[in-house]
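J.: I would like to see how this sequence folds:
(one chain, ligands or ions: 1)
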Amino acid sequence: MREIDIPFGQPILDVEEIEAVKKVLEGPILAHGPVCAEFENAFSGFTESKFAISVASGTAALHLCLYASNIGPGDEVIVPAMSHVATAHAVEYCGAKPVFADVDPKSGNISPESISNSITERTKAIMVVHFLGLPCEMDAINRIASSIGALVFEDAALALGAKYGNKISGNLATAGCFSFYPIKHVTSIEGGMVTTNDERLARSIQQRKAFGYDHNHQTRVKPGIYDVPVLGYNYRMNEVEAAVGLCQLSKLKDRLKVRMDNYTALKSALASLDEITVFEPRQGKSTSSCYCLNAVLTPDSSINRDNIVQELTAQGIGTSVHYPGPIPMMSYYKEKYDYLPGQFPIAEWLSNKTISLPVAPHVPKGFEHRIATAIKKAIYNARKSL
Ligand SMILES: Cc1ncc(COP(=O)(O)O)c(C=O)c1O
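T.: Numbers count the residues shown, from 1 in each chain. You can find the predicted model right below:
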């Protein structure tokens, strides 16, 4: 078996990142320092948001948004059934209840209709997830939310640089949450960011990401002296992470274009395969940031996904699955809330019938033909053995 030479994801770190990290490590400040502030400024510029607050991870960003909005026991937050568990975990951390809504088969996104069907008198917020980078239908979702006085948060972990009309993700609702895990659009090794135009929310998140201090290191009147008026966490990003993230952000525009070009090339290479459909990267007002390409086996397809994945692996091509199960079918949620198979049919279908394929800038020229050839071979062999 050949080695994987086209991995599903791979961080691209240049000499610039290494020099920036060296500079931080040779200096006196490793935490809550000027590089984090610089990264935050650059990020708020990129997302056209008034505030950007650096945090330790995408999950910390989600948790802080809900916690700083005083969401807690007795409250409900509507989340899509199809996402990373972090989206629902953030709600659980607050002692609130995640209410799962099924997703749209053409995008994997939570739909305005399924949100409407999930509203109760306890609904305090809606956590939308821009699935694999394609923004949700935010006009309709924001309208529904304002009609019931609920907040809307964007889980934009895979949607950095995605557009909705002429607005950018992270600036489409109350606040946006980003992840800088190694294979995301921008990495800071681990890390995350919250963006918002709401000053009160921004101040509350800034305080709660650092133990609940009333004064940070820069604003203390006497060194070492502070009070703690609220419960806070240690969710800060460090200076090394910020240095990496800042270098990465400066390359994002070019890399987003490469992702879209790769997506388009792979989509046309797969176009002749009847067994596979591919999500459109532009739908309505939404333009995807093309985290990866989801090859979706048609519902009536008799082809086994594992056969295709095996052939791709044999040809040196890495794949992934987004996501391995609807969140409510994960044991923790299933047992806690008594969910049953069949309650979220589209999310179940996506988690069983899709293969996530690489389109990030690490893929070599001609990658699309290698992927299409491997998939064709797997389908041919599977048909032969029927
Ligand atoms: C949609 C979504 N939200 C949140 C997260 C969690 O981000 P992090 O790993 O930075 O905590 C992920 C991770 O991949 C994700 O896919």
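J.: got a list of what Ile375 touches?
T.: The contact partners of Ile375, taken as C-beta atoms under 8 Å, 6 or more residues apart in numbering, are Leu270, Leu273, Ile276, Ala295, Ile308, Glu311, Leu312. (Glycine included, C-beta is placed from N, CA and C.)
J.: Of these, which fall within the contact range of the ligand?
T.: Among the contacts of Ile375, no residue sits close to the ligand (C-beta under 6 Å from any ligand atom).
J.: Out of those, which comes closest to the ligand?
T.: Closest approach to the ligand among those (C-beta to the nearest ligand atom): Ala295, at 18.2 Å.
J.: helix, strand or coil for the closest one?
T.: Look at Ala295: counting by DSSP: H, G, I helix; E, B strand; the rest coil, its state is strand.
J.: how deep is the residue nearest to Ser188 when sequence neighbours are not counted tucked in, by neighbour count?
T.: Sequence neighbours aside, Gly245 is the residue nearest to Ser188 in space, at 3.4 Å (criterion: C-beta to C-beta, 6 or more residues apart in numbering). Residues within reach of Gly245, counting by other C-beta atoms under 10 Å, total 29.
J.: same check, this time on Lys97
T.: Neighbours of Lys97 under the rule other C-beta under 10 Å: 18.
J.: Same question for Lys334.
T.: When neighbours are counted by other C-beta under 10 Å, Lys334 registers 17.
J.: is it fair to say it lies in a strand?
T.: No - secondary structure of Lys334 (three-state DSSP): helix, not part of a strand.
J.: per-residue confidence at the nearest residue to Gly191 once chain neighbours are set aside?
T.: Distances taken as C-beta to C-beta, 6+ apart put Phe180 closest to Gly191, at 3.8 Å, once the chain neighbours are dropped. pLDDT, Phe180: 98.
J.: Verify the stated contact: Phe180 with Leu158.
T.: No - Phe180 lies out of contact with Leu158 (C-beta atoms under 8 Å); the separation is 11.7 Å.
J.: more neighbours, these two?
T.: Phe180 (31 against 27).
J.: For the closest residue to Gln315 other than its chain neighbours, give its distance to the ligand.
T.: Nearest residue to Gln315, sequence neighbours excluded (C-beta to C-beta, 6+ apart): Ala374, at 4.2 Å. Per C-beta to the nearest ligand atom, to the nearest Å, Ala374 is found 25 Å from the ligand.
J.: okay, now Ala374: neighbour count?
T.: 20.
J.: Check Val359 too.
T.: With other C-beta under 10 Å as criterion, Val359 counts 26.
J.: How about it, nearest residue that isn't a chain neighbour?
T.: Take Val359 and drop its neighbours on the chain: the residue closest to it by C-beta to C-beta, 6+ apart is Asn262, 4.0 Å away.
J.: wait, that neighbour sits on Ala360?
T.: Yes - counting by C-beta under 8 Å, Ala360 is a contact partner of Asn262 at 7.5 Å.
J.: Tyr235 versus whichever residue of the chain sits closest to the ligand, what's the distance?
T.: For the chain, the residue closest to the ligand is Gly58, as judged by C-beta to the nearest ligand atom, at 2.7 Å. Gly58 sits 11 Å away from Tyr235, going by C-beta to C-beta, to the nearest Å.
J.: who's more crowded, the two?
T.: Between Gly58 and Tyr235, Gly58 has the larger neighbour count (other C-beta under 10 Å), namely 27 against 22.
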